[in-house]
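In: What follows is a predicted structure for the sequence shown.
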Amino acid sequence: MSEFSQSYHLRANSKDDAVLLLNRAGKHGYVFESKEGWVTFVTSDADFSADEVIVANNQGILLHYVYAEDHGWELLIFNKQEMVSGYSCSWGEEFEIQMEQFDLGVVEGLVLEQGKPAGDLESLFQVADVEELFSLDPHLAYQVADLLGLTHYAWVSYDYINADPEFFKEASKV
């Protein structure tokens with residue numbers, strides 16, 4: 001079975017902030033406790049793109065993370081309602097990286113806030129082809145998530161949590 005993960009990560013020290021965001025947006029989902037300064041949450045109507053209503057109601061730093069194992073991965077970063085960085089890498093019929101809205105400085109800043117070295121972060125986002133991408137271990141999407149301090153991202157989506165809430169005991173239904 002291939003992984004199809006999709007989650008939001010709100011820069012906050014309390015899951016209550018994500019609950020408030022979901023309530024303002026009129027959305028339902030699951031919310032995890034804050035870890036490493038991030039509150040992970042998923043929404044019931046997720047469609048692998050950032051939800052405009054969630055973004056419109058965002059009042060802080062919000063990441064939208066997607067990893068579809070057989071298709072691609074994406075990281076969007078919002079400061080309130082403004083997308084301040086966007087990166088997308090797809091590998092289906094063609095290998096394609098979209099970096100028109102990518103801001104390395106934004107990503108570096110978030111990595112440094114975690115107390116982690118940014119090192120050669122730029123090279124992670126500039127893989128040459130699908131062979132290089134799949135030679136990375138762990139996968140590029142996982143490496144970036146780890147550098148950002150995200151803890152709930154692998155095999156995380158509303159459908160996964162809803163199908164096995166016992167496995168995701170840390171997540172509260174909202």
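Out: Nice, thanks for sending it over. Numbers count the residues shown, from 1 in each chain.

In: Quick check: phi and psi at the most centrally placed residue in the chain.
Out: Closest to where the C-alpha atoms of the chain average out (C-alpha atoms, centre = their mean) is Y65, at 2.1 Å. Main-chain dihedrals, Y65, degrees, to the nearest 10: phi -120, psi 130.

In: Show the contacting residues for it.
Out: For Y65, the contact set (C-beta atoms under 8 Å, 6 or more residues apart in numbering) comprises 5-9, 73-75, 141, 145, 150, 153. (Each C-beta comes from the backbone N, C-alpha and C, glycine too.)

In: Could you measure from it over to D146?
Out: 12 Å (C-beta to C-beta, to the nearest Å).

In: All the helices of this protein, in order from the start?
Out: Here the chain has its helices, by DSSP state H, at 15-25, 52-56, 104-113, 121-124, 130-135, 140-148, 158-163.

In: winner for burial among the ones you listed?
Out: Most buried of the helices of the chain, by mean neighbour count (mean count of other C-beta atoms under 10 Å): helix 140-148, with a mean of 20.

In: and it, C-alpha only, in PDB?
Out: What follows is helix 140-148 as a C-alpha-only set of coordinates in PDB (Å, rounded to 0.1, in the frame of the first residue of the first chain):
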ATOM      1  CA  LEU A 140      13.500  14.100   0.800                       C
ATOM      2  CA  ALA A 141      10.000  14.900   2.200                       C
ATOM      3  CA  TYR A 142      10.800  13.100   5.400                       C
ATOM      4  CA  GLN A 143      14.200  14.900   5.700                       C
ATOM      5  CA  VAL A 144      12.700  18.300   5.400                       C
ATOM      6  CA  ALA A 145       9.900  17.400   7.800                       C
ATOM      7  CA  ASP A 146      12.400  16.300  10.400                       C
ATOM      8  CA  LEU A 147      14.500  19.400   9.900                       C
ATOM      9  CA  LEU A 148      11.400  21.500  10.500                       C
END
